[in-house]
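Asker: sequence? don't have it. structure:
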Ligand SMILES: Nc1ncnc2c1ncn2[C@@H]1O[C@H](COP(=O)(O)OP(=O)(O)OP(=O)(O)O)[C@@H](O)[C@H]1O
Ligand SMILES: [Mg+2]
């Protein structure tokens, strides 16, 4: 029975429970709903929710836990000598899973009987052949230990799934029956439903939070693996980024961090003045009509996918800069050799951030009360004096917050720098040179032929985690500042 | 009473907020070196009319002003008149206190700095102290001039705004209910200030307190539903009003 069927049955049970509970409640007062403690529908919801909530909670936990338990049990079954040189338990386990799914596929397509699939003494060669004939993908030859493990994997998984279905359905039935029996005119169904709703909301919130924690933990585990293979001193304090898949790499984050920050600073130098001035124009000077046209237009910029900005950098901005600063360029300086440069990426990233800065600043400037403007104008200040001396200082903390949020976006931006910044990791102050950033190196370390066991690959997780911590810190700081500012006028 | 020079003359002034006709055909003459009180029930257009006198209504998009308002014989709605210059001459204290989120000192020094009234720091210090004294708040804030103006109590904020307005030495001071948030002692001090200002400037004060209008003003204008019902000597208005509406308002029967 597939998961969707299980869910459908649960749902049907809830619907039946709803009507059953409702009519039982009405029956208990002889059809006069005014004698009930709660509205009749609450009794229905009570039965439905009592059936659903525990059953679905258990279902979710089971779905998360079963693969982990099966994996660790099966992985314990594989003897050490079955793991070939240069491989590890993780790789073998993925092979085991592949064989298990292959067997599943072969059985369901009729190429193999269930008995054949679970036959522990099956001839490996015949089995491999019939699997391949059935169109299943195997990357290496099936060995005896792998087959045994795969068969164990299949049997555990199917037993587990059946057990799960039984438990979940039993729980739902029990819940429905329990609530149905309790349904009576004195019963405070309304209050119980309130708690049921709370439980549902809590479930949703905890899924979101658990996912975040899951992401951080998975990064953390891989990062720890990396630090077992590579010295943390080199990572944090080394000076060279030179990955070498044959070993002996130097993997220091510092040159990448330098490139990241350099490009981000250029981007902010572009985005902050332009965005801020645009926001001041829109909120202080523009007429209602101009504002209603210009603001959405500016915000369209924010909706352009960053890959398009990347193309713009690659095809337009980069060549334009080369034709100015390059050899034989308009300025005749010959500073810029290729269109991949810090300046190209920084400029385009700055353009990307303009709407971000301007729409946040616009909101913040609009939040400065009109009486503040009146006060300044009433003293004989001009409009721009008012903006400079009263509005901007009043909005400053909020604007700083907006800039910090923009900075954290710049630091985490990937596509533009992949396409426009180049791939050379170095410390250099020259904006016309190619440089590279943390995000581009994560992409390049993880694309192509990879195994997740070498420090050259695992370093991507350490880079990612560091980046995550930097942007998280910036965001928290920015939100703190923005919030502090909000309180001022409330 | 001897007749003084006319500082501001309003002829046939109409004010519209989009379709609302807020001020209807108002004619009034405000004399120099005189305190003029505007009284009238809430929503009758006192603030609106006051804001016409220094063109603060320009900042409200939907607001339209018709008719002439002459300051020293010059039409302030003329194209050649710079509203910024005008507002330096015709200062304003608003109905709600609106100190800037700056230090108390910077709040008061704001106008003088913009208009370059002080040659050096010592002179500016002087102006700030003198203005705060005139705003009857010097003793309360002299030890914390660096504290933010927004951190003061409502009544203190209002007096700070008064100090801020007098610091630019305007020729006319428009005060919109300056004492509505003040205790009797501070009110008395502000009234004293108004009396002192009268020797040099013209002051227009909006108030809901009949006693205050009677105490501080020489002329009184009574507004009702956007009309100027009666305008004349304060003593005359309070003792012997011509219009029955004025009489019922003063005696507390409408409002
Ligand atoms: N910004 C505005 N937009 C639209 N209508 C306005 C605006 N300001 C005032 N009005 C309208 O103009 C009329 C006069 O308002 P005004 O603020 O001048 O009254 P007021 O006499 O000062 O009252 P109060 O004593 O309560 O301060 C009111 O009917 C009000 O609704
Ligand atoms: Mg008013």
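Answerer: Arrived safely. Nothing here was measured: the structure is a model prediction, and the numbers come from that model. Ligands and ions are numbered 1, 2, ... in the order given.
Asker: now do residue A:79, the pLDDT please.
Answerer: We have a pLDDT of 80 for residue A:79.
Asker: please disregard the earlier target; I meant residue A:269.
Answerer: With respect to pLDDT, residue A:269 has a value of 96.
Asker: how about the contacts made by the single nearest residue of the stretch 51-200 of chain B relative to ligand 2?
Answerer: The stretch 51-200 of chain B approaches ligand 2 most closely through residue B:95 (5.0 Å), counting by Cβ to the ion. All C-beta atoms are positioned from the backbone trio N, CA, C, and that covers glycine. Neighbour list for residue B:95: B:47, B:176-177, B:180, B:206 [criterion: Cβ atoms under 8 Å, 6 or more residues apart in numbering or on different chains].
Asker: what's the answer for residue B:93, then?
Answerer: B:158, B:161-162, B:165, B:173-176, B:178.
Asker: without its sequence neighbours, what residue ends up closest to it?
Answerer: Nearest residue to residue B:93, sequence neighbours excluded (Cβ to Cβ, 6 or more residues apart in numbering or on different chains): residue B:175, at 4.5 Å.
Asker: next one: residue B:71
Answerer: residue B:8 (5.5 Å).
Asker: run a quick neighbour tally on that neighbour.
Answerer: When neighbours are defined as other Cβ atoms under 10 Å in any protein chain shown, residue B:8 has 24 of them.
Asker: tell me how far the spatially closest residue to residue A:109 that is not a sequence neighbour lies from residue A:106.
Answerer: Counting by Cβ to Cβ, 6+ apart, residue A:109 lies nearest to residue A:134, which is 5.8 Å off, once chain neighbours are set aside. Distance, residue A:134 to residue A:106, by Cβ to Cβ, to the nearest Å: 4 Å.
Asker: could you give the secondary structure assignment for the nearest residue to residue A:288 once chain neighbours are set aside?
Answerer: Excluding its sequence neighbours, the residue lying closest to residue A:288 (Cβ to Cβ, 6+ apart) is residue B:61, at 6.9 Å. Using DSSP: H, G, I helix; E, B strand; the rest coil, the structure places residue B:61 in coil.
Asker: pLDDT below threshold where in the chain?
Answerer: Using chain A here. A:1, A:86-87, A:137-141, A:449-452, A:485-490 (pLDDT under 70).
Asker: the chain in question should be chain B.
Answerer: Checking chain B against pLDDT under 70 turns up B:1-3, B:253-255.
Asker: report the secondary structure element holding the residue of the stretch 101-250 of chain A found nearest ligand 1.
Answerer: Closest contact between the stretch 101-250 of chain A and ligand 1, by Cβ to the nearest ligand atom, is at residue A:201 (42.1 Å). According to DSSP states H and E, residue A:201 maps onto helix A:189-229.
Asker: and stretch A:185-201, which residues are buried?
Answerer: Neighbour-count burial for stretch A:185-201 flags A:185, A:187, A:189-190, A:192-193, A:196 (criterion: 16 or more other Cβ atoms under 10 Å in any protein chain shown).
Asker: actually stretch B:52-70, not the one I wrote
Answerer: Quick answer for stretch B:52-70 (16+ other Cβ under 10 Å): B:52-57, B:63, B:65, B:67, B:69-70.
Asker: gap between that stretch and the chain center?
Answerer: 15 Å (Cα atoms, centre = their mean, to the nearest Å).
Asker: close to ligand 2, is that stretch?
Answerer: No: contact between stretch B:52-70 and ligand 2, assessed by Cβ under 5 Å from the ion, is absent, since the two come no nearer than 12.2 Å.
Asker: contacts for that stretch next, please.
Answerer: A:287-288, A:370, A:373-374, A:377-378, B:8-18, B:23, B:25-26, B:30, B:48, B:51, B:75-77, B:83, B:86-87, B:90-92, B:172, B:174, B:204.
Asker: what subset of the residues you listed is buried?
Answerer: Buried among the contacts of stretch B:52-70 by 16+ other Cβ under 10 Å: A:373-374, A:377-378, B:8-10, B:13-15, B:23, B:26, B:30, B:48, B:51, B:76-77, B:83, B:86-87, B:90-92, B:172, B:174, B:204.
Asker: which stretches in the stretch 351-490 of chain A count as helices?
Answerer: When secondary structure is read from DSSP state H, counting those that start in this stretch, the stretch 351-490 of chain A shows helices at A:370-378, A:383-386, A:392-412, A:415-420, A:438-446, A:455-487.
Asker: picking that back up, ramachandran angles for the residue nearest to residue A:288?
Answerer: phi -60, psi -40 (degrees, to the nearest 10).
Asker: coming back round to it: which one's more surrounded, residue A:134 and residue A:106?
Answerer: More neighbours surround residue A:106 than the other of residue A:134 and residue A:106, with 22 against 17 (other Cβ under 10 Å).
Asker: which residues of the stretch 151-255 of chain B fall in strands?
Answerer: B:172-176, B:202-206, B:219-224, B:227-233 (DSSP state E, counting those that start in this stretch).
Asker: and what of chain A?
Answerer: A:241-242, A:250-251 (DSSP state E).
Asker: turn the ones you listed into TSV, including mean neighbour count and distance to residue A:479.
Answerer: Output for those, formatted as TSV (neighbours: other Cβ atoms under 10 Å in any protein chain shown; distance: least, Cβ to Cβ, whole Å):
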stretch	mean neighbour count	distance to residue A:479
strand A:241-242	16	32
strand A:250-251	20	32
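Asker: among those, which comes closest to residue A:117?
Answerer: Nearest to residue A:117, of all those, is strand A:250-251, at 44.9 Å by Cβ to Cβ.
Asker: spell out which parts of the stretch 101-250 of chain B neighbour chain A.
Answerer: Contact residues (Cβ under 8 Å from any Cβ of the partner chain) of the stretch 101-250 of chain B with chain A: B:101-102, B:110-111, B:114-115, B:150, B:161, B:164-165, B:168.
Asker: neighbour-wise, give me the winner out of those residues.
Answerer: residue B:164 (30 neighbours).
Asker: list the contacts of that residue.
Answerer: Contacts of residue B:164 (Cβ under 8 Å, 6+ apart): A:375, A:379, B:99, B:107-108, B:110-111, B:131, B:135.
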